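Got a sequence here, can you model it:
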Amino acid sequence: MLSLNLPPYEAKIRRRDRKERIFDDIRRRFVALTPEEWVRQHFVHFLVMEKGYPKALLANEVRLALNGTFKRCDTLLYRPDFTPRMVIEYKAPDVEITQEVFDQITRYNHALHADYLTVSNGLRHYCCHIDYTAGTYTFLPDIPSYDEL
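So this is what the prediction gives:
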């Protein structure tokens, strides 16, 4: 798989039925190894190992109801009371992060009301903080550590 702008880690990969699968530590099972999944696994590892995010407060592929349909949020970081704190959306490394991607994560956040929105294609990462009281958002210079949230 492609080298990313994230720290490398020893991913557990196995082949099954001629398809590669990668172990997801959050879901505790092997999942199909797609370019987007490659980004997700590296990013989650980065959050846990480099930024101090508690693995127990992260969830992958979270189902949410949105305008009468069901969508799946790539990763959610919860607060200790299990309310959403950060929504994270991943794209494959060859997918450009555009306004459309931010529109997608913003739609998800209408249902979640998280304080942070993060988008990554494994090469470029963006995080913004939402101030609901002021009705503003601010892009951060880096992905914050858990203690900085």
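
what's near enough to touch R124?
5, 97 (CB atoms under 8 Å, 6 or more residues apart in numbering). Glycine gets a C-beta too; all of them are placed from N, C-alpha and C.

quick one, phi psi at it?
For R124, the backbone dihedrals (degrees, to the nearest 10) come out as phi -130, psi 140.

Please apply the same query to I22.
Torsion angles, degrees, to the nearest 10, at I22: phi -120, psi 140.

hang on, it packs against F30?
Yes - using CB atoms under 8 Å, I22 is in contact with F30, at 6.7 Å.

residues shared between the contacts of the two?
With CB under 8 Å, 6+ apart as the test, I22 and F30 both reach K12.

Between the two, which has more neighbouring residues?
I22 (19 against 15; other CB atoms under 10 Å).

Tell me which residues touch the more buried one, please.
If you count contacts by CB under 8 Å, 6+ apart, then I22 has 11-13, 30-31, 33, 37-38, 41 around it.
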